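> Fold the following, please.
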Amino acid sequence: MGAILYCTRGKVMSRHEVPALIVGAGINGLGVARSLARARVPVWLLDSDARSPAMQTRTARSLQIRGLHGETLVEDLEQLGKDRFAGVRPVLLLTQEESVKTISRHRERLAPFYRFSLPHKDTVDALLHKYGFQRLAELHHAPIPKLVHVTTQAGLAQLEQLHYPAVVKPGERHAGYSRQFRKAYRVEGIAEARDLVRNILAVMPDVVVQEWIAGPDSNIHFCLQYLDRHSRPVAAFTGRKIRSWPPEVGGTASCTAAPEAHAELSAVTARFFKDTGVTGIAGMEYKCDARTGELRMVEPTIGRTDYQEEVATLNGVNLPFAAYCSELGLPVTPPVAVQSPAVWRVSFEDTQSALLQHQAAGSGFPRGNRTIDALWRWNDPMPFLARGLQRIRRKLRKWMSKSAARPHVMEAKP
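The predicted structure is shown next:
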């Protein structure tokens with residue numbers, strides 16, 4: 001790709017030198033940083049926790065900020081835009097849903113300092129809420145299981161409209177919910193659903209209950225895309241989960257490419273995003289119903305990279321770099337052929353998931369695929385080592401706490 005020159009404050013600068021700022025470290029941010037570093041993009045990784053293992057990567061310059069959402073994030077980004085990155089307008093990439101909400105609401109304040117693409121504010125708000133997404137999916141005749149939205153005790157009667165089993169989730173991210181409940185719950189019948197929803201309503205008045213899609217976690221597929229300002233995909237990748245942690249209701253523990261489903265899912269995903277006016281980074285998760293063989297939508301990712309974003313890069317589709325090029329008006333390079341497909345795994349979570357399901361480690365990985373750890377890399381070992389050190393410290397603190405709480409028996413003197 002040829003360099004395109006422009007001027008900033010009297011300095012001639014290559015567009016390929018424009019930095020990318022990733023807001024939010026963790027495994028998601030680490031995968032994005034490594035993807036951009038492959039393309040020799042200068043990367044800054046921003047997080048409120050300087051001790052995060054991902055912040056130790058050698059593929060990005062780490063910078064601690066005060067928060068990843070709310071007014072503090074906006075203020076910190078404004079200050080960076082005026083000082084450290086004055087006149088440069090870095091490409092801004094987000095990794096967390098709360099960051100997307102903040103940037104969407106304050107886009108006018110940040111647009112002079114950063115390059116980023118988001119759908120209209122109303123579209124962002126609707127698609128980041130599970131009931132809002134449900135209504136749009138039904139409006140556009142997308143394949144999605146039935147869902148009810150419960151906001152009051154009186155609304156519990158709606159649970160009778162569903163077929164069970166079902167999954168219970170918060171309508172959107174909520175700090176109080178996260179402190180007391182798991183990400184999602186599978187319930188086998190209406191009585192169990194009623195009791196659980198009643199308990200959640202005491203914490204937050206925003207619960208969704210959706211009919212369960214039969215099948216193992218390996219039936220879950222995802223289509224990741226980058227869409228231009230006309231909602232046309234300029235890059236796309238389709239993959240599937242192998243295992244989740246926790247099983248059935250958790251995040252990705254391991255996944256790989258799914259070329260056999262790409263034509264169908266990329267078309268369905270692009271059509272839905274076109275209908276709803278989605279632009280920028282986005283993705284859609286699906287599950288194949290084991291009873292009917294039909295693929296059903298589960299949930300979208302809007303305005304941010306996905307947790308397993310790096311699996312696309314490892315399989316030849318560098319979506320973060322596609323986003324970077326698009327924001328700078330550069331041509332997007334076509335997918336790169338890889339010698340063998342890659343399995344991406346978070347080793348600890350994948351091992352725990354396999355053990356809980358009485359599966360052998362590595363089972364379900366397609367034969368001939370490379371296995372790439374989400375943290376460990378020979379050329380970038382510090383995130384893995386830092387995570388290991390954190391686990392050791394937590395175990396020591398736990399042991400010391402139990403030891404201090406254990407009663408000491410005094411021996412009587414003769």
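
> Kindly list the longest helix within this structure.
Secondary structure of the chain per DSSP state H: the longest helix is helix 382-405.

> Give me the buried positions along that helix.
Buried residues in helix 382-405, counted by 16 or more other Cβ atoms under 10 Å: P383, F384, A386, R387. For every residue, glycine as well, the C-beta is placed using N, CA and C.

> Let me have these in a markdown table, adding distance to L77 as columns.
What follows is the buried residues of helix 382-405, written out as a markdown table (distance: Cβ to Cβ, whole Å):
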| residue | distance to L77 |
| --- | --- |
| P383 | 24 |
| F384 | 29 |
| A386 | 26 |
| R387 | 27 |
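
> Minimum pLDDT in the residues you listed, which residue is that?
Checking pLDDT across the buried residues of helix 382-405, the minimum falls on R387 at 91.

> residues in contact with that residue?
P53, L375 (Cβ atoms under 8 Å, 6 or more residues apart in numbering).

> got it, and L162?
K146, V148, I190, A193, V209, Q210, E211.

> my guess is the fourth one meets P165, correct?
No. The pair A193 and P165 does not pass the contact test of Cβ atoms under 8 Å, sitting 9.1 Å apart.

> what sits in contact with each of these two?
With Cβ under 8 Å, 6+ apart as the test, A193 and P165 both reach V187.

> Who has more neighbours out of these two?
Just comparing A193 and P165: by other Cβ atoms under 10 Å the higher neighbour count belongs to A193, 26 against 16.

> Let me see the contact set for that one.
Taking Cβ under 8 Å, 6+ apart as the criterion, A193 is in contact with L159, L162, Y164, A166, V168, V187, V209.

> Export the one helix or strand it maps to to CSV, keeping only CA atoms.
Assigned by DSSP states H and E, A193 belongs to helix 190-201. Extracted in CSV, the C-alpha atoms of helix 190-201 (Å, rounded to 0.1, in the frame of the first residue of the first chain):
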residue,chain,number,x,y,z
ILE,A,190,-41.9,-21.1,34.0
ALA,A,191,-41.7,-21.5,37.8
GLU,A,192,-37.9,-21.3,37.8
ALA,A,193,-38.0,-18.3,35.4
ARG,A,194,-40.6,-16.5,37.6
ASP,A,195,-38.5,-16.9,40.8
LEU,A,196,-35.3,-15.7,39.1
VAL,A,197,-36.8,-12.7,37.3
ARG,A,198,-38.5,-11.7,40.5
ASN,A,199,-35.2,-11.6,42.3
ILE,A,200,-33.5,-9.6,39.5
LEU,A,201,-36.3,-7.1,39.4
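
> any idea how far the nearest residue to L196 once chain neighbours are set aside is from H129?
Spatial nearest neighbour of L196, chain neighbours left out: V168 (5.4 Å); criterion: Cβ to Cβ, 6 or more residues apart in numbering. According to Cβ to Cβ, to the nearest Å, V168 stands 16 Å off from H129.

> ok, what's across the strand from L93?
L93 forms beta bridges with I22, as assigned by DSSP bridges.

> For it, grab the count of nearby residues.
Using other Cβ under 10 Å, L93 is surrounded by 30 other residues.

> need the contact list for the spatially closest residue to A360 that is not a sequence neighbour.
Leaving aside its sequence neighbours, A360 sits nearest to A354 (Cβ to Cβ, 6+ apart; 6.8 Å). A354 sits next to R243, A360, A361, G362, S363 when contact means Cβ under 8 Å, 6+ apart.
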